[in-house]
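Visitor: Would you be able to build a 3D model of this:
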Amino acid sequence: MAPRRPVKRLPIVLILASLAFAAGAQDNSRLPDLGSSADALISPQEAQDYGASMLRQMRALDMVVDDPLLDEYINDLGFRLVAACAKPRDHFQFFIVKDEEINAFALPGGYIAVNSGLIAITRNEDELAGVLAHEIGHITQNHLQRAFEDSKKDAPLLALVVLGAIAAGAAGRSAGDAPIAVLAGGQGLLAQKEINFTRKDEIEADRAGIKTLANAGFDPNAMAAFFQHMEDVMSTGAGGQVPSFLQDHPVTSDRIADAKSRADALVTAQKLHPGGDNLLDGQWEQITTPIAFVRGPIRLGADTASPGGLNTYELMRERARVLSGNPVRLVDYYAGNLKNKAGFDTPVNRYGYALALTRSDRGAQAVAQLEPLLKAHAGSLILTLALADARLQAGQRDAALALYQPLNRQSPRNRAVALAYANALTDRGDKQQASTAADLLRPLLENSDDPALYTAYARASDKAGDDERAGEAWADASYYAGRPFDAMEQLQRLLKRNDLSYYSRSRIQARIAELTPLVLELRKRRIDTPDNPATGNSSQQ
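Guide: This is a model prediction of the structure:
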C-alpha cells in the first residue's frame, strides 16, 4: 500500500466534552470546569486532529463538496492569504460545504469552511478572498480560544466548538439537528449553539484580514464591499431573513466604514512605502487617499487559457454552484437565463450549464455546449476536463480517453485529471487498464484525506487483481469518509486471510491498533456515527 496519512485518534477529552454538553442540555445541571486555558486543555496537534475529525464527520453527512478542482482552487486561494498573514506557520486547510446558506466558519486546528452559497453570491475573487482572510484572522488572533476562555456559558470549551462550528455549517439544511446529534453523541437532539465572537473580535479579524488581503496582492477594500453587498442582498432579496454569515458576523455601518478607511489607508501607505512591513496602527488616520489595487488572479496549475480569456474564479464559482445543487433544477436555471436574461450568455455560464447537463445524464448536450467553448479557449485544462467528462457520460469512452491521456501527460500529478482518467480506465476497462489506473493514483494517496481518491484506487486495484491493496484502500476510504466502524470491520476481515504477505499483515495490524482506541471509546460512550447508530438516532448507510 502506498504511504498515506496516519490515523489521527480523536482525543478522549473531545469525546468527553461532547458528551458532557449533551447531558447538560437535558438536565440543565452545571458542567465541570475543564480549565480556563485553551492551550492547557488541548494542544495545537490535538486541535488539528479534532478539526480533521470534524471534517470526516461532515463528509459522512454528505456536507462537503469533495471535488479536486474546487479543492485545489480554494486551497491555492487560501494559502496565498496564509502566506501573507500574521502567523503563516499555523496549520490551515480550506474546504467547501455543500450548503446554499451564505456562511463561512473556522474550526479548531486551522480548518476553514466556506459554504457554496457564499461562493455563489460573491462578485469577484477579491470578495471571496476577503471572507477567507477574515476567517484566517479569527484563527491567527486566537479568537476561538478567547471566546471560550471568556465565556460564562455552562459548557466546556470543546463541546461549544463541536456544536457551534458544525451548527454554523449545518444551518438551514433539511437534516435539521441530525448532524449535531451525530457529532455530539446519542443523548437526544441538542439545542443549537453558536460560536459568538465579541464585536472586538470581529473588528480585530477585519483588521487582520485587511492587512492579509493587501499583503497577498488582493484589494483590501473587498471585505467591506462584500459586507455591504450582504446587507444589500438582505434588504432587497432575502425576504427579511438574515443570512447566516451576517448572524455570525454582525455588520454595522461603523464597522463597514472602519474597514473602508483602513483599507484605503493601507493601500496608500503601500504606495508610499512599497515593500515595507505592515503599518503600525498609529499610521492609519494619517493616510486617507485611496489608490487602485491590481494583482493577478488565481490560476489552476496547467490551465493555459489566455490571461485575457476565461476567469478561473468565475469558472470555480459556477462549478461550486452546480456540484452542490440539484442538477435538474440547475439545468432549468441556466437554460432559462441563457434564453431570457440579457448579458447572461457568457462562457462561464455556458460552462456551468454544461456541468449541470453532465450531472443530469445529458452528456451529449453538454458536449455541444463545451466544444465551441474549448475551440475559443484552446488549452484550458478546466474546459478540456469538462469535455472529457461529458463525452464519458455520453458513452463516448474512447473519445474521452483521448482527452484524458494528454491532460495526464501534461499534468501527471494533477489530482482532478488523474482521478477522472483513472475512473474512466477502470470503468468498462480491462485488467491492464485498471492496473494503469492504480499506478496513476498510488502516488497521490500520500498525505491525502480524500475518500474519493481511496475509493477510486480500491476499485482499480480490485479490478487489476490486487485485492490486498484494494482491501486496505476500501478501509481507508471508509475512515476518511467518517465511518470508523466500517473501516475496522474491513481491516479485521482482511486480516483473517491466510494468503497475506508479511508486510501486508503488518500494515493491517498496525492500522487496527491505531483505530482500536477510537472505536472502543465511541462505543463505550455511545456516540453515534453513521456506521454505528449507537442510540438509534443515526441511520445505517
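Visitor: what comes up buried for whatever helix or strand Leu77 lives in?
Guide: Taking DSSP states H and E as the criterion, Leu77 maps to helix 68-82. Of all the residues in helix 68-82, those buried under the rule 16 or more other C-beta atoms under 10 Å are 68-75, 77-82. Yep, even glycine has a C-beta here, placed from its N, CA and C like the rest.
Visitor: Averaged pLDDT, the helix or strand harbouring Val417. What do you get?
Guide: Take DSSP H and E as the rule and Val417 turns out to sit in helix 415-426. Mean pLDDT, computed over helix 415-426, is 97.
Visitor: how big is the angle separating it from helix 68-82?
Guide: Calculated by axes from the mean of the first three to the mean of the last three C-alpha atoms, to 10 degrees, helix 415-426 forms an angle of 160 degrees with helix 68-82.
Visitor: Report whether the expected contact of Gly429 with Ala437 is present.
Guide: Yes: judged on C-beta atoms under 8 Å, Gly429 makes contact with Ala437 at a distance of 7.4 Å.
Visitor: more neighbours, those two?
Guide: Ala437 (27 against 20; other C-beta atoms under 10 Å).
Visitor: Please report how far the more buried one lies from Ala416.
Guide: Plainly put, Ala437 is 15 Å away from Ala416 if you go by C-beta to C-beta, to the nearest Å.
Visitor: cool, and Glu371?
Guide: Computed as C-beta to C-beta, the Glu371 to Ala416 distance reads 20 Å.
Visitor: what does Asp62 give?
Guide: Distance of Asp62 to Ala416, computed by C-beta to C-beta: 20 Å.
Visitor: next one: Val328
Guide: 24 Å.
Visitor: Next: Ala366.
Guide: 17 Å.
Visitor: Ok, Ala208 next?
Guide: Between Ala208 and Ala416 the computed distance is 32 Å (C-beta to C-beta).
Visitor: Glu514 too?
Guide: Note on Glu514: its distance to Ala416, by C-beta to C-beta, is 29 Å.
Visitor: the more surrounded of these two?
Guide: Ala416 (22 against 15).
Visitor: is it true that that one touches Asp66?
Guide: No: Ala416 is not in contact with Asp66 according to C-beta under 8 Å; the separation is 11.3 Å.
Visitor: burial of Ala402, as a residue count?
Guide: Ala402 has 12 neighbours, counted by other C-beta under 10 Å.
Visitor: Relative to Ala422, how far out is it?
Guide: Taking C-beta to C-beta, one finds Ala402 at 16 Å from Ala422.
Visitor: do the same with Ile121
Guide: Counting by C-beta to C-beta, the separation of Ile121 from Ala422 is 34 Å.
Visitor: Between the two, which is the more surrounded one?
Guide: More crowded of Ile121 and Ala422, by other C-beta under 10 Å: Ala422, with 28 against 20.
Visitor: Now the closest residue to that one other than its chain neighbours: which helix or strand?
Guide: Once flanking residues are discounted, Ala422 sits nearest to Ala437: 3.8 Å by C-beta to C-beta, 6 or more residues apart in numbering. Element membership of Ala437 [criterion: DSSP H and E] is helix 431-441.
Visitor: what's downstream of that helix, the next helix or strand?
Guide: For helix 431-441, the following helix or strand on the C-terminal side (DSSP H and E) is helix 451-463.
Visitor: Contacts for stretch 313-325 next, please.
Guide: 65, 67, 69-70, 73-74, 96, 98-100, 116-117, 119-120, 122, 124-125, 128, 297-298, 330, 348-349, 351-352, 355-356, 359, 382 (C-beta atoms under 8 Å, 6 or more residues apart in numbering).
Visitor: Just those residues: which are in helices?
Guide: Taking DSSP state H as the definition of helices, these contribute 69-70, 73-74, 116-117, 119-120, 125, 128, 330, 348-349, 351-352, 355-356, 359, 382.
Visitor: just the buried members of those?
Guide: Among the ones in helices among the contacts of stretch 313-325, those buried by neighbour count (16+ other C-beta under 10 Å) are 69-70, 73-74, 116-117, 119-120, 125, 128, 330, 348-349, 351-352, 355-356, 359, 382.
Visitor: Pull out the buried residues from stretch 123-142.
Guide: For stretch 123-142, by 16+ other C-beta under 10 Å, it's 124-141.
Visitor: now swap in stretch 406-424 and tell me
Guide: 407-408, 411, 414-424.
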